[in-house]
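Asks: What follows is a predicted protein model with its sequence.
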Amino acid sequence: MLASPAVPGTASVSAIVVSYAEPAATRAAVQSLLAQTHAPDQIIVVDNHPDAPARAALEGLDVELVRPEHNLGFAPAVNHAARAARGEWLLCLNPDAVAAPDCVERLLEAGAPPDVGVVGAQVLLPDGETVNAGANPLHISGLSWSGRYLEPREDGPPRDALVVSGAALMIRAETFRALGGFPPGFFLYHEDVDIGWRARAAGWRVRFCPRATVRHDYVFTKGADKWFWLERNRLWTVLTGYEARTLVLLAPLLAATEAAILLFALRGGWLGSKLRAYAALARSAPALVRWRRFVQGSRRVPDRDLLDDFAGEIATPLLQHPLLGVVNPWLERYRRLVLRSLRSGRT
């Protein structure tokens with residue numbers, strides 16, 4: 001399980017940027033990687049756009065450009081690029097993000113302990129002073145949100161986390177391959193949640209490094225496709241990530257969560273996307289069962305040792321409702337009750 005320590009200055013890094021539109025932004029992201037104090041040994045750009053606009057934008061830059069025959073989506077594109085990666089670490093950087101010059105060096109320092117498998121940067125909004133994401137909470141329902149969103153940027157040493165933002169995420173190539181990469185069928189969204197959860201369950205540490213920063217041109221957008229992928233992938237992660245007895249204990253809460261999201265979807269006009277997510281999971285049931293066997297077979301840490309790091313309450317500026325003030329204390333009590341039951345061996 002333990003890897004060789006990553007020593008800054010010697011550890012090799014393969015950076016992966018998945019591009020679709022806005023080739024000028026992709027060029028800026030790549031230029032920020034080339035300007036690092038510890039520059040990646042390899043930069044792979046996957047251009048998912050059918051017209052390959054990144055080719056001209058990246059002319060003159062030392063990158064390996066991959067052009068699939070069709071739009072793979074983010075997670076499959078990273079899986080594809082990882083097969084050609086030579087580095088000890090894989091760095092995923094969003095095409096609309098620009099890394100500070102010492103970002104890679106800081107991430108490698110945070111990942112130096114051999115039991116660290118995943119390291120994430122502090123993701124800032126374009127002003128460079130306001131937080132977009134970083135150490136992101138993971139609720140027991142599988143919901144996850146941007147940690148410290150809209151708060152002032154923080155400073156401090158690296159610390160352990162459960163989930164770090166996929167906008168600037170570095171993972172040992174060894175860890176990524178042992179985990180099977182990102183899950184099958186994940187086109188967009190939630191892959192950072194899934195990989196962090198599975199890395200922790202497999203015995204790797206996940207760390208957040210506030211002093212490794214990127215600026216992200218982030219806007220929280222809503223749309224039918226986004227809600228579809230968020231819900232489809234959240235449910236996939238929940239159904240494959242928890243141990244069977246944990247799923248049994250959480251079943252009432254998970255059912256209540258589904259009812260609340262269905263109502264939220266109805267009022268928000270995306271009920272069709274939510275129902276499509278159910279249908280997509282049903283169609284992929286055989287693949288989900290196979291993936292669940294793989295995930296549980298790679299587990300080294302039981303849920304009773306993981307649930308301490310899950311959130312019971314839902315607290316984010318992105319989701320505010322008066323009922324949360326009433327419901328949140330009960331959600332946290334439920335989490336603690338499940339945790340006690342797991343530790344006592346009762347179901």
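Replies: That came in fine, so what should we check first?
Asks: May I have the phi/psi pair for the residue nearest the centre of the chain?
Replies: Central residue check for the chain by C-alpha atoms, centre = their mean: the C-alpha nearest the mean position is that of Asp192, 1.0 Å away. Per-residue torsions, Asp192: phi -70, psi -40 (degrees, to the nearest 10).
Asks: Please enumerate the strands of the stretch 201-347 of the chain.
Replies: 205-216 (DSSP state E, counting those that start in this stretch).
Asks: Pull the contacting residues for Val13.
Replies: For Val13, the contact set (C-beta atoms under 8 Å, 6 or more residues apart in numbering) comprises 38, 40-42, 87-91, 104, 108, 170. From N, CA and C alone the C-beta is placed, and that goes for glycine too.
Asks: Secondary structure for the residues you listed - can I get that in CSV?
Replies: Converted to CSV, those look like this (DSSP: H, G, I helix; E, B strand; the rest coil):
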residue, secondary structure
His38, coil
Pro40, coil
Asp41, coil
Gln42, strand
Gly87, coil
Glu88, coil
Trp89, strand
Leu90, strand
Leu91, strand
Val104, helix
Leu108, helix
Met170, strand
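Asks: Which members of those residues are classed as buried?
Replies: Burial of the contacts of Val13 was assessed by neighbour count (16 or more other C-beta atoms under 10 Å); the buried members are 38, 40, 42, 87-91, 104, 108, 170.
Asks: The residue nearest to the centre of the chain against Leu162, yeah?
Replies: No. With contacts counted by C-beta atoms under 8 Å, Asp192 stays clear of Leu162, the gap being 10.8 Å.
Asks: so where's the stretch 1-150 of the chain uncertain?
Replies: In the prediction, the stretch 1-150 of the chain carries residues with pLDDT under 70 at positions 1-9.
Asks: For it, which segments are assigned as strands?
Replies: In chain order, the stretch 1-150 of the chain shows strands spanning 13-19, 42-47, 64-66, 89-93, 97-99, 116-124, 131-133, with DSSP E, counting those that start in this stretch as the criterion.
Asks: Pull up the pairing partners for the first one, direction included.
Replies: Paired neighbours of strand 13-19 in the sheet (DSSP bridges): strand 42-47 (parallel), strand 89-93 (parallel).
Asks: now those in a markdown table, with distance to Thr316?
Replies: Listed next are these as a markdown table, based on distance: least, C-beta to C-beta, whole Å:
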| stretch | distance to Thr316 |
| --- | --- |
| strand 42-47 | 30 |
| strand 89-93 | 23 |
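Asks: so which of those gets nearest Leu61?
Replies: Ranking the strands paired with strand 13-19 by distance to Leu61, with C-beta to C-beta as the measure, places strand 42-47 first at 7.9 Å.
Asks: I would like the residues contacting the closest one, please.
Replies: Outside strand 42-47, the residues within contact range by C-beta under 8 Å, 6+ apart are 12-20, 26, 30, 33-34, 53-55, 58, 61-68, 72, 77-78, 80-81, 84-87.
Asks: so Met152 touches Gly128, yeah?
Replies: Let me fix one detail, which is that residue 152 is Pro and not Met. No. With contact defined as C-beta under 8 Å, Pro152 does not count as touching Gly128 (11.0 Å).
Asks: And these two? Which one has more around it.
Replies: Between Pro152 and Gly128, counted using other C-beta atoms under 10 Å, the more crowded position is Gly128 (12 against 9).
Asks: how much space between the more buried one and Ala178?
Replies: Plainly put, Gly128 is 36 Å away from Ala178 if you go by C-beta to C-beta, to the nearest Å.
Asks: just Ala84 next, same as before
Replies: Using C-beta to C-beta, one gets 18 Å for the distance from Ala84 to Ala178.
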